[in-house]
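Novice: mind looking at a prediction? Sequence and model below.
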Amino acid sequence: MAAILAFAGSNSSTSINFKLVKHTISLVQSHDIQILNMAEHPFPMYSEDCEKEHGFSNALVKLENDIKKSDGIILSANEHNGNPSAYFKNVLDWLSRLDRNFLEDTKVLLMSASGGRFGGARSLGVLENMLPKFGGEVLATFSLKSFNDNFSDDGILDEDLKSEHQTALNTFLDSLK
């Protein structure tokens, strides 16, 4: 049984990416899953001055420890103007100051959901290139476009997207065996 950490790269209390993460983990069996709601984890904007004056918060150190204890991460990141949100980029900046290789030997299922027709694909591409710089291994990606049309409390509605999501999840889970 693998340890999986699941969270969205959004600090919104109404995050559609967090809804996608919760749906995804509902499909996982026989693994130890820890889910984080990042809306409950505020971090100050990174700056060298802030780091020198205040150091690293307990919440940041706990997040790093949770990541390092995990065999894999299920992550769904939002997109702002074609990039990961400033919030999530900031989290990555803080984590990389604690340990540049904070994702070392960690397998990642990387997803994105968006209300638009591209499903956050540009942000997904940025993160797919960025996470390996911190030691992560992105094993599969999934983009959920037109969230409000393709998702309900029952999960992913579009059969093609549902199949793509399951394939990405299976690829990730198979790597944890």
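Specialist: Ah, there it is. Quick caveat: nothing in here was measured; it's all calculated off a predicted structure.

Novice: need the contact list for the residue nearest to the spatial centre of the chain.
Specialist: Against the mean C-alpha coordinate of the chain, by Cα atoms, centre = their mean, the closest residue is residue 75 at 2.0 Å. By Cβ atoms under 8 Å, 6 or more residues apart in numbering, residue 75 lies in contact with 6-9, 21, 108-111, 127. Bear in mind the C-beta positions are built from the backbone N, C-alpha and C, glycine included.

Novice: buried subset of those residues?
Specialist: In the contacts of residue 75, burial by neighbour count holds for 6-9, 21, 108-111, 127, counting by 16 or more other Cβ atoms under 10 Å.

Novice: JSON lines for those residues, including pLDDT?
Specialist: Listed next are those as JSON lines, based on pLDDT from 0 to 100:
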{"residue": "6", "pLDDT": "98"}
{"residue": "7", "pLDDT": "98"}
{"residue": "8", "pLDDT": "97"}
{"residue": "9", "pLDDT": "95"}
{"residue": "21", "pLDDT": "98"}
{"residue": "108", "pLDDT": "98"}
{"residue": "109", "pLDDT": "98"}
{"residue": "110", "pLDDT": "98"}
{"residue": "111", "pLDDT": "98"}
{"residue": "127", "pLDDT": "97"}
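
Novice: residue 30: which of those is nearest?
Specialist: Nearest to residue 30, judged by Cβ to Cβ, of the buried ones among the contacts of residue 75 is residue 6 at 15.0 Å.

Novice: beta partners for that closest one?
Specialist: Beta-bridge partners for residue 6, by DSSP bridges, are residue 35, residue 74.

Novice: count of neighbours near the residue nearest to residue 80 when sequence neighbours are not counted?
Specialist: Using Cβ to Cβ, 6 or more residues apart in numbering and skipping the chain neighbours, the partner closest in space to residue 80 is residue 86 (6.8 Å). Per other Cβ atoms under 10 Å, the neighbour tally for residue 86 reads 12.
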